[in-house]
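Predicted model follows, preceded by the sequence.
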Amino acid sequence: MTTDYTKAATAAAETIIKYNIVTMPVSPLLILQQLHNTAFLSFAEMASRNHMDRTELLSMLGDANHDAMTYVDMSTGKKHYVIAYNQYLPFAMVQRALARELGHIILGHDGSRPEDVRNEEARCFAHHLLCPRGLISALRDADIPVTTEVLGTITGCYERCLAGMRKIPGANVPAELNRQVKAQVSLYLNTFLPFQKHLSETDESALADFGTYMDGYVE
């Protein structure tokens, strides 16, 4: 079963539009809090509920879930998502983790498809949510070097996040969605760019390498 990158990227663009995201970095937490069937708890709280030590919980979860995980609670007879996250990680890592878990929910992952496929789609969703390609296009239109420092400052997607984005194939998101996302973040960029133009003269970070991430992008 193949990974549907286009579906994941399109869902991310639709989420940005639906929740009227107009500033960066995107906050997955603010979106998750608007979902009526979602609750949050830290790993420490999760460990306490299960009468175990937090270190023991982390060991049980393994490396794949060291930052966050989502499980479904059906105790009330209705589907209810519970997201547990590692509150001690750096902010940017928590953002990516919550964006990925939001992706699982938005994409309706229910365990009926292979885990690796679901995880790839959720990661694709997260990258397109946190770093929408319309924003990258707007930056390029402004003729400002899109360096790792610029991108990190705007989106929270630093080199580690970029490394993941480079592995994701381009996706054919409908042009109208790309245009709308670009328009939504334009006011924020118009405020940010004069400041960045001043800093770009001393920005020594490397140009951001997106790999094939922008392939298939049209407006």
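That came through, no problem. All values reported here derive from a predicted model rather than from experimental measurement. Numbers count the residues shown, from 1 in each chain.

quick one, what contacts residue 182?
Residue 182 sits next to 132, 134, 135, 137, 138, 219 when contact means Cβ atoms under 8 Å, 6 or more residues apart in numbering. Just so you know, the C-beta spots here come from the backbone N, C-alpha and C atoms, and that holds for glycine as well.

Looking at neighbours, which among those is most surrounded?
Of all the contacts of residue 182, residue 132 has the most neighbours under the rule other Cβ atoms under 10 Å, reaching 27 neighbours.

Please report the distance of it from residue 26.
8 Å (Cβ to Cβ, to the nearest Å).

Residues that sit against both of the two, list them.
residue 16.

And the closest residue in space to residue 183 that isn't next to it in sequence, how close does it get to residue 33?
Using Cβ to Cβ, 6 or more residues apart in numbering and skipping the chain neighbours, the partner closest in space to residue 183 is residue 134 (8.0 Å). From residue 134 across to residue 33, the span is 24 Å (Cβ to Cβ).

what's the answer for residue 204, then?
38 Å.

Looking at those two, which one has more neighbours?
Shown here are residue 204 and residue 33; by other Cβ under 10 Å, residue 33 has more neighbours (11 against 6).

quick one, phi psi at that one?
phi -70, psi -20 (degrees, to the nearest 10).

that older thread, the residue nearest to residue 183 against residue 181, yeah?
Yes: in this structure, residue 134 is within contact of residue 181 by Cβ atoms under 8 Å, at 3.9 Å.

Mind checking which of the contacts of residue 182 are in strands?
Among these, DSSP state E puts none in strands.

Between those residues, which sits nearest residue 190?
Comparing the contacts of residue 182 against residue 190 with Cβ to Cβ places residue 138 closest, at 9.4 Å.

measure that closest one to residue 178 for me?
Taking Cβ to Cβ, one finds residue 138 at 11 Å from residue 178.

tell me which element residue 15 is part of?
Residue 15 is part of helix 5-18, with elements assigned from DSSP states H and E.

Would you mind listing the buried residues in that helix?
Buried residues in helix 5-18, counted by 16 or more other Cβ atoms under 10 Å: 5, 6, 8, 9, 10, 11, 12, 13, 14, 15, 16.

For it, output the C-alpha coordinates as PDB.
Provided in PDB are the C-alpha atoms of helix 5-18 (Å, rounded to 0.1, in the frame of the first residue of the first chain):
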ATOM      1  CA  TYR A   5       1.500  12.300  -0.100                       C
ATOM      2  CA  THR A   6      -0.900  14.500  -2.100                       C
ATOM      3  CA  LYS A   7      -3.800  13.700   0.200                       C
ATOM      4  CA  ALA A   8      -1.700  14.600   3.200                       C
ATOM      5  CA  ALA A   9      -0.300  17.800   1.700                       C
ATOM      6  CA  THR A  10      -3.800  18.900   0.500                       C
ATOM      7  CA  ALA A  11      -5.300  18.200   4.000                       C
ATOM      8  CA  ALA A  12      -2.600  20.400   5.500                       C
ATOM      9  CA  ALA A  13      -3.500  23.300   3.200                       C
ATOM     10  CA  GLU A  14      -7.200  22.800   3.900                       C
ATOM     11  CA  THR A  15      -6.500  22.900   7.600                       C
ATOM     12  CA  ILE A  16      -4.500  26.200   7.300                       C
ATOM     13  CA  ILE A  17      -7.500  27.700   5.400                       C
ATOM     14  CA  LYS A  18     -10.200  26.200   7.600                       C
END
